[in-house]
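J.: need a 3D model of the following:
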Amino acid sequence: MAPFPGLESAALAAGRGHTRVMAVHARSDVAGVDIGQSHVTVVRYADAGGQAVPVCAGEVGLPRGAIGPGGTIADVDTVAEALKLAWKEFKPRTKRVRLALSGDAVTIQQLAKPASLTRPELASSVRFDVEPGLPYSPEDALIDFTVIGQDTEAQMLRILAVAAPRAASLQLMAAAKKAKLSVEDIEPAPYALPRSLEMSASGEDELILSVGMISSQVITVRAGRVRGARTLDIGSEHLTEALQRSGMPAADAEQFKRSHHLVAPAAGDPHAQARETLRQAASALVDSLYQLLYMQEGAAAPKRIVLCGGGARLGGLAAYLNQTLEAEVRLAGPAAGLEIPSAPEAFLRQALACSLALSDPQEPA
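T.: Model (predicted):
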């Protein structure tokens with residue numbers, strides 16, 4: 001059995017050439033659960049005449065230390081208790097869940113392989129290429145791949161390879177088991193996330209920037225198909241810490257970050273210094289993105305960036321990125337046929353859980 005059973009169907013279904021113009025399908029018997037850097041989010045959908053309608057949705061906070069720096073679970077018992085609380089408060093009325101591996105736990109790269117190779121030969125060749133670059137023991141690696149294209153003239157396949165440490169997957173399953181939940185599937189987050197989002201139907205690359213608390217995920221999508229993913233070691237917490245270093249108390253720093261836009265301070269603004277600190281901290285995210293988008297030889301930078309994740313709710317972030325990057329930046333919206341479970345602002349943080357609660361049209365519901 002493949003390490004990520006949903007990988008092949010997710011990649012193929014996403015590559016039909018449209019952006020969810022075909023209605024998404026609800027997995028009415030499965031709840032999507034995003035164990036994020038600061039919250040556990042649960043969403044369950046039901047199908048209502050081709051429309052995915054939310055049955056339940058909610059978030060339970062996680063204390064610092066529950067999730068490690070790389071995005072993997074550090075405290076299984078604490079996460080399990082959060083899952084139990086989510087089931088008690090939001091009543092998903094199913095014990096079957098779909099989870100996601102994200103952050104540094106997931107490594108994604110694109111490879112080229114001869115079209116003449118059999119599936120077992122491809123698997124062996126992919127593992128040979130992927131293992132040397134892993135930041136953990138190859139013996140601990142779960143490695144899977146899918147074919148995303150073919151150069152018929154050169155008779156080469158374009159392969160997208162995914163790797164994750166087995167321990168990260170086992171930690172997810174252990175937390176679910178302690179909460180008395182049954183794991184239906186564990187997906188790489190970059191494959192799942194686009195499922196609930198409105199994406200461009202063009203053949204050009206589009207970027208999803210999911211800003212988390214500790215780190216941010218950058219996912220390249222073309223015509224609905226994931227082409228690659230990278231993790232940036234910077235998130236919204238970076239801005240809070242910058243304000244604290246300037247002398248602002250922790251509680252005030254978090255509140256200031258949420259309530260003040262990333263606009264240039266006006267003359268006489270009593271918060272001018274704090275605003276400037278906030279903008280300088282946000283520039284680190286911009287610099288990381290710029291290096292990723294424009295400093296890679298031979299890579300064409302995407303013209304559109306879709307912004308989601310809890311950090312996307314920072315006031316003026318989309319406009320700030322618009323001004324500083326050579327791309328159109330917009331906040332994420334829901335895919336066609338998807339009813340969001342809460343306010344648009346909350347959907348930015350709930351998008352991955354929504355995606356996990358959905359199936360693609362050719363995947364059995």
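
J.: which stretches in the stretch 201-350 of the chain count as helices?
T.: Ranges of helices within the stretch 201-350 of the chain are 237-245, 250-259, 272-294, 317-324, 344-356, based on DSSP state H, counting those that start in this stretch.

J.: of all those helices, which one is nearest residue 168?
T.: Nearest of the helices of the stretch 201-350 of the chain to residue 168, taken as CB to CB: helix 344-356 at 15.7 Å. Glycine gets a C-beta too; all of them are placed from N, C-alpha and C.

J.: for the helix or strand following the closest one, packing partners?
T.: Next along the chain after helix 344-356, taking DSSP states H and E as the criterion, comes strand 358-359. Counting contacts by 3 or more CB pairs under 8 Å, 6 or more residues apart in numbering; DSSP states H and E, strand 358-359 packs against strand 25-26.

J.: where does the stretch 251-365 of the chain dip in pLDDT?
T.: 295-300, 360-365 (pLDDT under 70).

J.: please work out which of the helices of the stretch 201-350 of the chain is packed deepest.
T.: helix 344-356 (a mean of 24; mean count of other CB atoms under 10 Å).

J.: report all helices and strands that that helix contacts.
T.: Against helix 344-356 (3+ CB pairs under 8 Å, 6+ apart) you get strand 31-35, strand 39-48, strand 51-61, strand 96-101, helix 189-192, strand 304-308.

J.: hmm, who's touching it?
T.: 32-34, 36, 39, 41-43, 45, 57, 59, 98-100, 102, 187, 189, 192-197, 210, 307-310, 312-313, 331-334, 338, 340-342 (CB atoms under 8 Å, 6 or more residues apart in numbering).

J.: filter those down to the buried ones.
T.: 32-34, 36, 39, 41-43, 45, 57, 59, 98-100, 102, 187, 189, 192-197, 210, 307-310, 312-313, 332-334, 338, 340-341 (16 or more other CB atoms under 10 Å).

J.: hmm, what's the outermost residue in the chain?
T.: The C-alpha centroid of the chain is most remote from residue 268, which lies 39.9 Å away (CA atoms, centre = their mean).

J.: which ones are touching the closest residue to residue 57 other than its chain neighbours?
T.: In space, and not counting its chain neighbours, residue 57 is closest to residue 341: 3.3 Å by CB to CB, 6 or more residues apart in numbering. Residue 341 makes contacts with 43, 54, 56-57, 347, 350, 354, as judged by CB under 8 Å, 6+ apart.

J.: so for residue 132, which of the helices of the stretch 201-350 of the chain sits nearest?
T.: Residue 132 lies closest to helix 272-294 among the helices of the stretch 201-350 of the chain, at 22.2 Å (CB to CB).

J.: for that closest one, packing partners?
T.: So helix 272-294, by 3+ CB pairs under 8 Å, 6+ apart, packs with strand 205-211, strand 216-222, strand 225-232, helix 237-245, helix 250-259, helix 317-324.
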